[in-house]
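S.K.: I would like the atomic coordinates for the input below:
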Amino acid sequence: MSGWVDLHCHLLPGVDDGAKTLEDSLEMARALVDLGFATVAPSPHARPEYAAPELVESRLMELREALERERIPLTLGRNAENVLDDVFLRSLGTPAARMLGTGPYVLVELPYTTPVPALLDVLFRIRTKGVRPVIAHPERCLEFERKGRAAEAVRSGALLQLDVGALTGRYGGTAKKLARAFLEDGLYALGATDLHAPVGARDWVGRALAELRSRAGEQAFERLMRGNPTRLLVGEALESEGE
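M.R.: Modelled structure (predicted):
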């Protein structure tokens, strides 16, 4: 697969707090292609206040057709950004589960400003369902400000997904510091944009990717932005985990 792979992006129009219109989606897609991306698995928020899965699927089909019509070379996969709650946990192993691709991976988010003391227990419950959690933007979540908590999550079987914008301070100083520390410690399995809107996308995502490449080196950058996300999308184990 050529080009970078983004497994956290709010590209679908009118389903959550991401792209508002189809034109927004197309502008975001053009920016991502210009930056080197070839594949995106749009990850709409899986929350009651946002679009139901049926509408999400319809918008995914609509966007695929529009990309083809506009000759924008971006391949789309299936995904969702899930909240770690009982509804989500009960859905695992059922058709209602909103997985990354066809599984066994699933993208989850933690609260930004409240602790999750039962995190390791929740991760264990997810793993007992045969599912591997991918935690979105841990550097932006209060729980991971606890010293050693990110490493504990990784040891519990979670995969950490870097929001690349954090590296350049897009989400403030604490997230920037944590992102750089987690990257230095090798805790991230993959990177993503968490892109929500077209305005300024080429600029800030471009700077963030350059920062990641500078800090991680070319080999790690390739692994975080292409190798590992490609494997997750098709349900394969990561290279480092000894297939």
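
S.K.: low-scoring stretches of this protein, by residue?
M.R.: 1, 240-243 (pLDDT under 70).

S.K.: let's see it at 90
M.R.: 1-2, 239-243 (pLDDT under 90).

S.K.: tell me where it has helices.
M.R.: 22-34, 53-69, 86-91, 119-128, 149-155, 173-184, 201-216, 218-222, 228-233 (DSSP state H).

S.K.: let me have those helices in TSV, extended by distance to Val134 and mean neighbour count.
M.R.: For glycine as for every other residue, the C-beta is placed from the backbone atoms N, C-alpha and C. Listed next are the helices of the chain as TSV, based on distance: least, Cβ to Cβ, whole Å; neighbours: other Cβ atoms under 10 Å:
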stretch	distance to Val134	mean neighbour count
helix 22-34	19	20
helix 53-69	18	15
helix 86-91	13	14
helix 119-128	10	16
helix 149-155	11	18
helix 173-184	14	17
helix 201-216	17	17
helix 218-222	18	14
helix 228-233	7	24
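
S.K.: I'd like those helices as CSV, with distance to Arg140 appended.
M.R.: Below are these laid out as CSV (distance: least, Cβ to Cβ, whole Å):
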stretch, distance to Arg140
helix 22-34, 20
helix 53-69, 23
helix 86-91, 19
helix 119-128, 15
helix 149-155, 12
helix 173-184, 5
helix 201-216, 14
helix 218-222, 21
helix 228-233, 19
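
S.K.: can you say which of the ones you listed is nearest to Leu11?
M.R.: helix 22-34 (5.5 Å; Cβ to Cβ).

S.K.: and that closest one, what other elements does it pack with?
M.R.: In terms of contacts (3 or more Cβ pairs under 8 Å, 6 or more residues apart in numbering; DSSP states H and E), helix 22-34 is packed against helix 53-69, helix 201-216.

S.K.: distance between stretch 50-58 and the chain's centre?
M.R.: Remark: stretch 50-58 is offset 18 Å from the chain centroid, using Cα atoms, centre = their mean, to the nearest Å.

S.K.: now the helices and strands packed on helix 22-34 in TSV, with distance to Leu76?
M.R.: Output for those, formatted as TSV (distance: least, Cβ to Cβ, whole Å):
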stretch	distance to Leu76
helix 53-69	6
helix 201-216	17
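
S.K.: closest one to Thr21 among those helices?
M.R.: Of those, nearest to Thr21 by Cβ to Cβ is helix 53-69, at 11.0 Å.

S.K.: can I get the closest one in CSV, CA atoms only?
M.R.: This file holds the C-alpha atoms of helix 53-69, laid out as CSV (Å, rounded to 0.1, in the frame of the first residue of the first chain):
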residue,chain,number,x,y,z
PRO,A,53,-24.4,3.5,12.1
GLU,A,54,-26.8,3.3,9.2
LEU,A,55,-26.3,7.0,8.3
VAL,A,56,-22.6,6.7,8.8
GLU,A,57,-22.5,3.8,6.3
SER,A,58,-24.6,5.9,3.8
ARG,A,59,-22.2,8.8,4.1
LEU,A,60,-19.2,6.6,3.7
MET,A,61,-20.7,5.3,0.4
GLU,A,62,-21.5,8.8,-0.7
LEU,A,63,-18.0,10.1,0.0
ARG,A,64,-16.4,7.1,-1.8
GLU,A,65,-18.5,8.0,-4.9
ALA,A,66,-17.6,11.7,-4.6
LEU,A,67,-13.9,10.9,-4.3
GLU,A,68,-14.0,8.8,-7.4
ARG,A,69,-16.0,11.4,-9.3
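
S.K.: circling back to that earlier point, out of the helices and strands packed on helix 22-34, which gets nearest to Gly235?
M.R.: Per Cβ to Cβ, nearest to Gly235 of those: helix 53-69, 18.6 Å.

S.K.: between that closest one and helix 22-34, how many degrees?
M.R.: 60 degrees (axes from the mean of the first three to the mean of the last three Cα atoms, to 10 degrees).

S.K.: which one of the helices of the chain lies closest to Ile135?
M.R.: helix 149-155 (6.5 Å).
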